[in-house]
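Asker: Give the three-dimensional model of this entry:
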Amino acid sequence: MNNSIQEKNENPVATLKAQSEKFDFSKLRASRDNKAANSGEAIYKDFDRMDFVIKDRNIDKILIKALVNRNKEGFDKIWEEYCEDPKIPSDKKTDQYKEEIKRFYDLGKEHTHLLPKEGDKNKSYRAFAKEVFKEIFEYANAQVPSDSILEELVTNCNQAGYEAGVFIESQFALSQHSLTILSPKRVINIYYVDQNNVSVRSDMTLPILSQESDVQSGDKVCDLSSSLEFTLESQDGKDDVIYKDGKLSLTVPRKLRDYKIDGRSLFDTIKEYFYRFCEKLGFKFEVEIEHNFGEEDSLYEGEEYNFEGARLVFQEQPQNYIEDPDVDPLNKKRETSP
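Answerer: Next comes the predicted model:
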């Protein structure tokens, strides 16, 4: 048995999926009183803390760090600290790579005049952040989208941005079972469709740890994985943009069903929070739940639901469907032997 198959069998998962042509994007955007997001300070600090993929090309965080250069260090100092970092592989300490870092450092210097000055009352990082996004698109050999789309990315494309709701709802569910989330990893995929349209996919991995006390976490239990997809569309030169074609998924490991309070499993709790979050976004449509649980969990396998408000109804009943009054209506399908 190869490693990938073995890993899949040892750690089966369920993926909750939701999608909608139109949804309430205002629930994803930063609120008006979020000064850090609206001033561009949040993305300014998060540029090199997140992973960006533009047009299927991974953007090197080291190059972004040199481009932004928050510490305002000289290039020689940056290169010295970089070479002394034991985590940096030797193939990225070559003269050729040094030239690439220097190129990004120089590009950043061209835009430093856009940064707020000391003593400025209303500090705005937006103009600088927009130029960083432009450089990132050009580095990926992708065309730069419209100004209104760039403005939207500056405001909401940060660690507290698009998937903050998924993080918060997951944390609520986990805390009931003495579990916590530590240092989520985010990857932002942006694909240029045309000047007025970009597709965005925000992937987030949530490491789940046991909570030993209010201030101390214990061993890692597993990972939750979420993915949020949508299209940003600008409107013929208007300042605002439209969010459409939303898709949301949350992948939950099988082992979370073993965490129970009063007979209720954590898996069921997470499902409940997922549905509530979908409702907040206006995702009142088909929700598909996929599983690769083993035979003993066939009750959960291959389910499809029609999501209508707070009610879940089976989309289709296969021939081997068995009605069982003792089974929870959310999970009442089981396979029969041929």
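
Asker: Output the helix or strand containing Ile168 as CSV, restricted to C-alpha atoms.
Answerer: Using DSSP states H and E, the element containing Ile168 is helix 164-175. Once non-C-alpha atoms are left out, helix 164-175 reads as follows in CSV (Å, rounded to 0.1, in the frame of the first residue of the first chain):
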residue,chain,number,x,y,z
ALA,A,164,-12.0,35.0,9.4
GLY,A,165,-15.6,33.8,9.7
VAL,A,166,-14.6,30.2,9.1
PHE,A,167,-11.9,30.5,11.7
ILE,A,168,-14.2,32.1,14.3
GLU,A,169,-17.0,29.6,13.8
SER,A,170,-14.6,26.7,14.0
GLN,A,171,-13.0,28.0,17.1
PHE,A,172,-16.4,28.3,18.8
ALA,A,173,-17.2,24.7,18.0
LEU,A,174,-13.8,23.4,19.1
SER,A,175,-13.7,25.3,22.4
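
Asker: Val198 belongs to a strand?
Answerer: Yes: the secondary structure assignment for Val198 places it in a strand, going by DSSP: H, G, I helix; E, B strand; the rest coil.

Asker: how many neighbours does it have?
Answerer: Counted with other Cβ atoms under 10 Å, the burial measure for Val198 works out to 26 neighbours. Glycine gets a C-beta too; all of them are placed from N, C-alpha and C.

Asker: That one touches Pro145, doesn't it?
Answerer: Yes: between Val198 and Pro145 a contact is recorded at 5.1 Å, counting by Cβ atoms under 8 Å.

Asker: any common contacting residues for the two?
Answerer: 192, 232 (Cβ atoms under 8 Å, 6 or more residues apart in numbering).

Asker: Distance from the helix or strand following the helix holding Ile168 to the middle of the chain?
Answerer: Counting by DSSP H and E, the element after helix 164-175 in chain order, helix or strand, is strand 179-181. Strand 179-181 sits 17 Å away from the centroid of its parent chain (Cα atoms, centre = their mean, to the nearest Å).

Asker: now stretch 253-268: how far from the chain's centre is it?
Answerer: Centre-to-centre, stretch 253-268 and its host chain are 24 Å apart (Cα atoms, centre = their mean).

Asker: residues of that stretch that come out buried?
Answerer: Of the residues in stretch 253-268, those buried under the neighbour-count criterion (16 or more other Cβ atoms under 10 Å) are 253-257, 259, 266-268.

Asker: From those, which land in helices?
Answerer: 266-268 (DSSP state H).

Asker: Can you tell me which of those is closest to Ala129?
Answerer: Sorting these by how near they are to Ala129, with Cβ to Cβ, puts Leu266 at the top with 38.3 Å.

Asker: Please tell me how far the closest one sits from Ser210.
Answerer: 12 Å (Cβ to Cβ, to the nearest Å).

Asker: hey, C-alpha coordinates of the lengthiest strand in the chain in CSV?
Answerer: Selection of the longest strand in the chain by residue count, based on DSSP state E, yields strand 217-234. Only the C-alpha atoms of strand 217-234 are listed here, as CSV (Å, rounded to 0.1, in the frame of the first residue of the first chain):
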residue,chain,number,x,y,z
SER,A,217,-2.2,24.3,24.4
GLY,A,218,-1.2,20.7,24.3
ASP,A,219,-0.5,18.1,21.6
LYS,A,220,-1.7,18.5,18.0
VAL,A,221,-4.8,16.5,17.2
CYS,A,222,-5.3,17.0,13.5
ASP,A,223,-5.9,19.7,10.8
LEU,A,224,-9.1,21.3,9.6
SER,A,225,-9.0,22.6,6.0
SER,A,226,-11.3,25.2,4.5
SER,A,227,-11.5,26.7,1.1
LEU,A,228,-13.5,29.8,0.0
GLU,A,229,-13.9,30.6,-3.7
PHE,A,230,-15.5,33.5,-5.4
THR,A,231,-15.2,35.9,-8.4
LEU,A,232,-14.6,39.6,-8.0
GLU,A,233,-16.2,41.7,-10.8
SER,A,234,-15.7,45.4,-11.2
